[in-house]
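Participant: Provided below for reference: sequence and predicted model.
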Amino acid sequence: TNPDDGTTTEQGGNIVKWKRKAEMYLIEQSSSSSKKKYKYTIVHPGGLLNEPGGQRELIVGVDDQMGSDDEPRTVPREDVATVMRQAVLRPQIYAGRSFDLRAKAPPESSETTVTIDFDALLDPLQGKNCDYSLGETM
């Protein structure tokens, strides 16, 4: 959530700030005792690509800490949709989670790993979620 990336303001308002406030509200509401039945999964995708999904290795992280800086910071829309579908199908893994998502460059050979194990996709996070105390929210 880089405030200097040029996508944070529209018509004088800070989009990232308001998105973050909405996410914090969702998390707060889902953890209140009267609303425990509500579950959430918040995915922060990289730049969205209009390219076929299911052809790349997906990378997850929190707080913009994912892989090296020389790797792409993008992800096909279809892959984002697939991850969201898996979140619905696997609430025991994805409920109560917030994370960043991007994809590696398309493989040059058929031996390169393509993400198909959505049960293990979040394992590299070791239980971490995005830290909502970072950045400006007021």
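Facilitator: Yep, that arrived.

Participant: The strand ranked longest in the chain pairs with which strands?
Facilitator: When the chain is parsed with DSSP state E, its longest strand is strand 97-103. Paired strands of strand 97-103, with direction, are strand 41-45 (parallel), strand 58-61 (antiparallel) (DSSP bridges).

Participant: can you give me how far the shortest one is from the chain middle?
Facilitator: Translated: strand 58-61. Distance, stretch centre to chain centre, for strand 58-61: 8 Å (Cα atoms, centre = their mean, to the nearest Å).

Participant: Could you do stretch 104-114 as well?
Facilitator: Distance of stretch 104-114 from its chain centroid, counting by Cα atoms, centre = their mean, is 21 Å.

Participant: What average pLDDT does that stretch get?
Facilitator: The average pLDDT for stretch 104-114 rounds to 77.

Participant: Show me what counts as buried in it.
Facilitator: Neighbour-count burial for stretch 104-114 flags Lys104 (criterion: 16 or more other Cβ atoms under 10 Å). C-beta coordinates here come from the backbone N, C-alpha and C atoms, glycine included.

Participant: Tell me which residues are up against that stretch.
Facilitator: 54-59, 67, 71-72 (Cβ atoms under 8 Å, 6 or more residues apart in numbering).

Participant: Same list (those residues) but as CSV, adding pLDDT and neighbour count.
Facilitator: Output for those, formatted as CSV (pLDDT from 0 to 100; neighbours: other Cβ atoms under 10 Å):
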residue, pLDDT, neighbour count
Gly54, 92, 12
Gln55, 91, 15
Arg56, 91, 24
Glu57, 91, 14
Leu58, 94, 22
Ile59, 92, 20
Gly67, 63, 14
Glu71, 77, 14
Pro72, 84, 16
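
Participant: tell me the two of those that are most distant?
Facilitator: Distances among those were taken as Cβ to Cβ; the most separated pair is Gly54 and Gly67, at 19.6 Å.

Participant: Right, I'll leave it there.
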